[in-house]
Structure formats: structure tokens, C-alpha cells
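In: One predicted model, sequence on top.
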Protein chains: 4
Amino acid sequence: MASFHAQFPEFDSHVRAVFAEQSFMRGIGAEIGSVSPGRVEIVLPFRDDLLQHHGYLHGAVIAAIVDTACGCSALTLMPAGSTVLTVEYKINFMAPAAGERLVARGQVLRPGRKLTVCSGEAVAVVEGNEKPVAALMATMVRVPPAGESEQ
Amino acid sequence: MASFHAQFPEFDSHVRAVFAEQSFMRGIGAEIGSVSPGRVEIVLPFRDDLLQHHGYLHGAVIAAIVDTACGCSALTLMPAGSTVLTVEYKINFMAPAAGERLVARGQVLRPGRKLTVCSGEAVAVVEGNEKPVAALMATMVRVPPAGESEQ
Amino acid sequence: MASFHAQFPEFDSHVRAVFAEQSFMRGIGAEIGSVSPGRVEIVLPFRDDLLQHHGYLHGAVIAAIVDTACGCSALTLMPAGSTVLTVEYKINFMAPAAGERLVARGQVLRPGRKLTVCSGEAVAVVEGNEKPVAALMATMVRVPPAGESEQ
Amino acid sequence: MASFHAQFPEFDSHVRAVFAEQSFMRGIGAEIGSVSPGRVEIVLPFRDDLLQHHGYLHGAVIAAIVDTACGCSALTLMPAGSTVLTVEYKINFMAPAAGERLVARGQVLRPGRKLTVCSGEAVAVVEGNEKPVAALMATMVRVPPAGESEQ
């Protein structure tokens, strides 16, 4: 697996601050976990109101969390002040998600000045064991801070 | 565009009944619109609690609605009693979604005994005009009714 | 379907010139067909050396032609002198490809200054009838002419 | 990374035999490398006639090889006599491919009785170092041997 370097020392707190502004993530109770250059983990405790009628976590919630983990992983490698948007993603649902919590992991495959390619996964934690739930691949685009001449 | 035929006369009410069981769709206020063989429309009035802090509809909500429209479009062509699961989808976000309501349209590209390929789009309706917001392509799998010998 | 306008009058001959430089397309005998703003068609007569051992056109050839049709459709809407690269695509194979020729159609869903979203399809022409073979969705990026200050 | 078990001892020779029937792979000079349960590697020495006019390997060739590596990785986990078809894939092109050879690696993320989800990557080997070129995610479907009652 490739190893990457952040472009400014406060990347960790910057990513956590950007995540904290995501009211959708807050609303469903998702919390950001470990943050390292090119990798971010998000954890979602299962909650009754996020389940389908079969008792599984809704696919829309799974996709949202892995997408966010990927976007945050891209952000760890961008210049200070950047934010990030999802250009596109593709997700495979591999198994229904039940258990204690969902863990989503995003990682950068290829950082770029504009576009960053990421892959992500979601696993359900069931009695301490991880079970693969979904895999995702995404293209992210950097949004420069306001005032920066866009290039 | 291909024209398809439903396999049983009550496909419309069956699709509406399956949609009605989706508590996530109900929770966000989405309503099923027109249903025809191979095509389904879902409408979502914009609502403050579905927006990001920039005032746009959240990507997770957009993806969920187009995915559901595609799943329902696949269901229109399946045998009586079937339900449907999303194997995978890919979505491109093309513009931020603001306006009065979001309209998601799913259509079948290729029906199959097991797998059905669908494409979908989301448009934002702004002062009566449609603006493209997202495009999606999905693979759906038929889930036979309980008791049917699976084949 | 959206209607688009080209940015310079010679878009047609520019796209045909860029296509003509694609030695892979030439090698397999693909020919560019109709070109209009946001839409390009490529035709490939079936040839024994492009088939699998079951007598169907190889998936790699199908993907290459639809991808190229999409790239060319994006190019029709770009400024003079641009070329185009594929950022990513997703393809569903819907049926084996046999017949007289393959027709690939690319169209722009959303043009952008940098990124353009396209959808494409491949149909096999069998005794004059079209049969859907594959569907594709792609993100293209504009490559500005050398010397243009990139922005 | 998950570890998988093959369903019959001769999976290695079966996968190599299926690969050997792929005339497209033979035509471009691709060779199958290591084969283990859930993982397959394919190697392609660079060759002048596979390059674009800029001297890079053509994207269609890259996609074909990673797709094939994924299909073969899925096959390692299927029952004896199976073959495999690609339902769909998504590929991100991350960097131009130049060097001595391309190495494509396919691995199973989630095996299934019908559908198997795979991820793949292509790296260019340049003076002994690997450089990421493309990432792919695919859904494969098992084709049972003729005569097996399909289920």
C-alpha cells in the first residue's frame, strides 16, 4: 500500500473540522475515528431509526459514510484550506449490515492537484468481528479556499 | 428507447406497495410518481432538514432516491411477488441540487431473469425548469418470493 | 435530452482529426460516423480477429469503442485545440455482441470547463435490427492545447 | 485482507486453462503469473504495437488485462468446471502506463454462489519500481458447466 505525506502539519484537525460541519453525518451519529495521511476511518453505531424494516442498515447510509470517509482521506493530502467534493463513486453492496456498528475506511489510491482517486470499504462489527458490507471507488475534486486564484 | 412489457397486470400497485414499505423514503418525504413498464419516477420536495450547510440537497439523499427509482423500474418487469436488491451502482454528481423539488427517474436498460441493468437521473426543478443534478447506472438483482424454488 | 452548442465552427473536423490519430481504433477498423454537438457515433464492422472463441466481439473492444465515442462527444463541446482524456468509466455488459457491426454512441450529459460527464451505449446490428450490448458512463477531462496557461 | 479457500484442488490449472483460451490475451502477449485462492496476477510486457502515439499503453489494453485478472481471481473460488463472465466494471485511470511491463492484479472482495465482487489494480514496472496506473472494481457472474442444472 502506498504511503503518503500531508502538505501541512494540521491536516488532522482540518479534516476533523470539515467533518464536523457535515450536519448529515452528525444527524445519524457518525464519528470520525483515526486520521492519517491518505486514510480516514468513520464509525457509526447502529441505531433503530437508520434501519430498514428487515433490521439492516440502509444502503443510503452505508454509501454516505464510505463516500465521506473517502472524501476525508483525499482531504488529508490537499493544501491547507481546501475542501473536497465527490465527482462520482461506484459502490458494491456485498452483504446486509447488521451488528453493533459500521466502520467505514477511506484511503487514497492516487492523489492529484485537482482529482484524487480513492477506495473505501464498510465493515459491520458483529461481536467484535468485522464482516465486509460494501466496497466503493470514488473520484474526488479539490475545492480551493475562496480567494485562491483557481488553477 | 426500448419498450418493455410487464409480466402481470398489477405491477403498478405492487411497485407502489414495495415503495411504501421503504421507511427511509417515507422519512424524507419522497413520493412515488408515474409508474410504467420499465420506468418509475420519484419526487422529493426540498426540505430544510435534508440540506447541507450550503443549502443544497445532500448527495446521500440524491443517490438514495435515484437508486430507489432504478430498483422500482426493475421491479415493474419482474414476476409477481418479486422484490429487488441493489447489487451495485455508480453515480456522477453533476451540479448542486437546489430548487423546489428533486425528480428522480429510473429506467430499465436490460431486464434479465436474475440481473437487471438500469440507468437513472436526478433533476432539480427550479421555477418549473429541470436542471440535471446526477446520473446513475445500476445493477439490480431479483429476490424471488419466499417459497419459490430459487433458480 | 439536453441540446448543446459547440464553441467553434470546425468542431466536426477537429473531432474527426483527433479520432484519426487513434491508432488502436484504426487497427480494429473502427470508423467515426455522425458528429454533432454533444453526440458522436462510431461504427465497427465485425471482423474474425476481434472475436472471442465463442464468436462474440471481445469486451475489451466494446469498452474501447464506447469509451472513445464518449470522449469524442465531450470533445465536440470543448474550446478549439483541446484534447480529452478518460478519468474513469463504468460499463455494464448486457448481451453478447454478434451480428454485422457494432454501433457505439456517446453523448454528453453535463459539459464542464474541466470535467465532462458522458453516457454511452453499444448496440449490435443484426439483420438491420439493433440489439443493446453495453452501457457506459464516463468522466472525461479536458486537456488544453500546449502553451495555454492551464487554469 | 480476507483469506479464501478454493473449492477443488486443481483450481490453479483450471484457471490457467481458461486463461489460455482467451485469444485476445494471447494476441497481446499477456501471461498469467501467480494464482492463489482469490488472487491472480497477469503480466504484459510492453510492445510497440500496443502503444498510443504518445508511447503509452492503450487504456483498452489496461482495462482488458485488469478485468481478466479479476475474472480469473473470481474463478479460483468457484466449483470445478465453472467459467466466469464480467457483469460490469468501473475503472479509474490514474497515470499513463510506460515502462518495461504492466502487472495486473485481481482479487476477490466477496465471493458468492452467483455473483463475485472483485477489485483490481494495474501497475507499470519501470526500472524495477511499481507505479500505479489504474484501479478497477468489478462484478463477476459464475457460468456453470453445461449440463449442470442451473440454480
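Out: All right, it came through fine. Please read all numbers here as calculations on a predicted model, not as lab measurements. Numbers count the residues shown, from 1 in each chain, chains lettered A, B, ... in the order given.

In: contacts and neighbour counts: CA atoms only from here.
Out: Noted.

In: For chain A, name the helix or strand with the lowest mean pLDDT.
Out: helix A:23-28 (a mean of 87; mean pLDDT, DSSP states H and E).

In: That one near chain B anywhere?
Out: Yes. For helix A:23-28, a contact with chain B is found by CA under 8 Å from any CA of the partner chain, at A:Ser23, A:Phe24.

In: Tell me how far that helix lies from the chain's centre.
Out: 13 Å (CA atoms, centre = their mean, to the nearest Å).

In: Can you name the residues in contact with it?
Out: A:Phe19, A:Ala20, A:Glu31, A:Leu44, A:Leu50, A:Ile65, B:Leu50, B:Gln52, B:His53, B:His58 (CA atoms under 8 Å, 6 or more residues apart in numbering or on different chains).

In: By neighbour count, which of those residues wins?
Out: A:Ile65 (30 neighbours; other CA atoms under 10 Å in any protein chain shown).

In: With just CA atoms, put stretch A:54-74 into CSV.
Out: Only the C-alpha atoms of stretch A:54-74 are listed here, as CSV (Å, rounded to 0.1, in the frame of the first residue of the first chain):
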residue,chain,number,x,y,z
HIS,A,54,-35.5,-6.1,7.9
GLY,A,55,-33.3,-4.7,10.6
TYR,A,56,-30.3,-3.9,8.3
LEU,A,57,-28.6,-0.5,8.0
HIS,A,58,-30.0,1.4,4.9
GLY,A,59,-27.8,1.3,1.8
ALA,A,60,-28.0,5.1,1.5
VAL,A,61,-26.4,5.5,5.0
ILE,A,62,-23.7,3.0,4.1
ALA,A,63,-22.9,4.8,0.9
ALA,A,64,-22.9,8.2,2.6
ILE,A,65,-20.4,7.1,5.2
VAL,A,66,-17.9,5.4,2.9
ASP,A,67,-18.2,8.3,0.5
THR,A,68,-17.4,10.7,3.3
ALA,A,69,-14.5,8.6,4.6
CYS,A,70,-13.1,8.7,1.1
GLY,A,71,-13.6,12.4,0.7
CYS,A,72,-11.8,13.0,4.1
SER,A,73,-9.0,10.7,3.1
ALA,A,74,-8.4,12.8,0.0
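
In: Quick one: mean pLDDT over it.
Out: The average pLDDT within stretch A:54-74 is 93.

In: ok, longest strand in chain A?
Out: Secondary structure assigned by DSSP state E gives strand A:129-143 as the longest strand of chain A.

In: How about that strand, which residues are buried there?
Out: Residues of strand A:129-143 classed as buried: A:131-143 (neighbour count, 16 or more other CA atoms under 10 Å in any protein chain shown).

In: for stretch A:5-16, same thing?
Out: A:Ala6, A:Phe11, A:Asp12, A:His14, A:Val15, A:Arg16.

In: Which ones among these lie within helices?
Out: Using DSSP state H, the subset of the buried residues of stretch A:5-16 located in helices is A:Phe11, A:Asp12, A:His14, A:Val15, A:Arg16.

In: and those residues, which two are the farthest apart?
Out: Maximum pairwise distance among these (CA to CA): 8.6 Å, between A:Phe11 and A:Arg16.

In: What is the nearest of the contacts of helix A:23-28 to D:Met94?
Out: Out of those, the member with the shortest distance to D:Met94 (by CA to CA) is A:Ile65, at 23.9 Å.

In: Off-centre distance for the one helix or strand that closest one maps to?
Out: Under the criterion of DSSP states H and E, A:Ile65 resides in helix A:59-75. Centroid separation between helix A:59-75 and its chain, computed with CA atoms, centre = their mean, is 3 Å.

In: is that helix anywhere near chain B?
Out: Yes. Shown here: helix A:59-75 in contact with chain B (CA under 8 Å from any CA) through A:Gly59, A:Ala60, A:Val61, A:Ala63, A:Ala64.

In: Output the residues you listed in TSV, with distance to chain C and neighbour count appended to each entry.
Out: Formatted as TSV, the residues of helix A:59-75 next to chain B follow (distance: CA to the nearest CA, whole Å; neighbours: other CA atoms under 10 Å in any protein chain shown):
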residue	distance to chain C	neighbour count
A:Gly59	20	24
A:Ala60	20	19
A:Val61	23	20
A:Ala63	17	27
A:Ala64	20	20
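
In: chain center to stretch A:81-88: distance?
Out: Stretch A:81-88 sits 12 Å away from the centroid of its parent chain (CA atoms, centre = their mean).

In: Tell me which residues of it come out buried.
Out: Neighbour-count burial for stretch A:81-88 flags A:Ser82, A:Thr83, A:Val84, A:Leu85, A:Thr86, A:Val87, A:Glu88 (criterion: 16+ other CA under 10 Å).

In: Ok, stretch A:19-37 next?
Out: Residues of stretch A:19-37 classed as buried by neighbour count (16+ other CA under 10 Å): A:Phe19, A:Ser23, A:Phe24, A:Met25, A:Ile28, A:Ala30, A:Glu31, A:Ile32, A:Val35, A:Ser36, A:Pro37.

In: Could you give the separation between the terminal residues of it?
Out: With CA to CA, to the nearest Å applied, stretch A:19-37 spans 16 Å between its terminal residues.

In: Leaving out chain neighbours, which residue sits closest to A:Val43?
Out: Distances taken as CA to CA, 6 or more residues apart in numbering or on different chains put A:Val103 closest to A:Val43, at 4.6 Å, once the chain neighbours are dropped.

In: name the element the one you found belongs to?
Out: A:Val103 belongs to strand A:101-110, assigned by DSSP H and E.

In: Who are the packing partners of that strand?
Out: strand A:39-45, helix A:59-75, strand A:115-126 (3 or more CA pairs under 8 Å, 6 or more residues apart in numbering or on different chains; DSSP states H and E).

In: Give me the angle between it and helix A:59-75.
Out: Orientation check (axes from the mean of the first three to the mean of the last three CA atoms, to 10 degrees): strand A:101-110 against helix A:59-75 gives 40 degrees.

In: Parallel or antiparallel, which strands does strand A:101-110 pair with?
Out: Here strand A:101-110 is paired, per DSSP bridges, with strand A:39-45 (antiparallel), strand A:115-126 (antiparallel).

In: got the buried residues for the last one?
Out: To tie it back to what came earlier, the one meant is strand A:115-126. Buried, per 16+ other CA under 10 Å, within strand A:115-126: A:Leu115, A:Thr116, A:Val117, A:Cys118, A:Ser119, A:Gly120, A:Glu121, A:Ala122, A:Val123, A:Ala124, A:Val125.

In: picking up where we left off before, ok, and does the longest strand of chain A reach over to chain D?
Out: Yes. Using CA under 8 Å from any CA, we find that strand A:129-143 touches chain D at A:Pro132, A:Met137.

In: Would you mind pulling the contact partners of stretch A:31-43?
Out: A:3-6, A:12, A:16, A:19, A:25, A:30, A:44, A:65-66, A:69-70, A:72-77, A:101-108.

In: again, 6 Å this time
Out: A:4-6, A:30, A:69, A:73, A:76, A:102-108 (CA atoms under 6 Å, 6 or more residues apart in numbering or on different chains).

In: how far does that stretch stretch from start to finish?
Out: Note: stretch A:31-43 ends 5 Å apart using CA to CA.

In: Show me what the mean pLDDT comes to for it.
Out: 98.

In: on that earlier part again, let me have the ones in helices among the buried residues of stretch A:5-16 in CSV, extended by pLDDT.
Out: Formatted as CSV, those follow (pLDDT from 0 to 100):
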residue, pLDDT
A:Phe11, 96
A:Asp12, 97
A:His14, 96
A:Val15, 97
A:Arg16, 97
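
In: Quick check: of these, which lies closest to C:Asn92?
Out: A:Val15 (35.3 Å).
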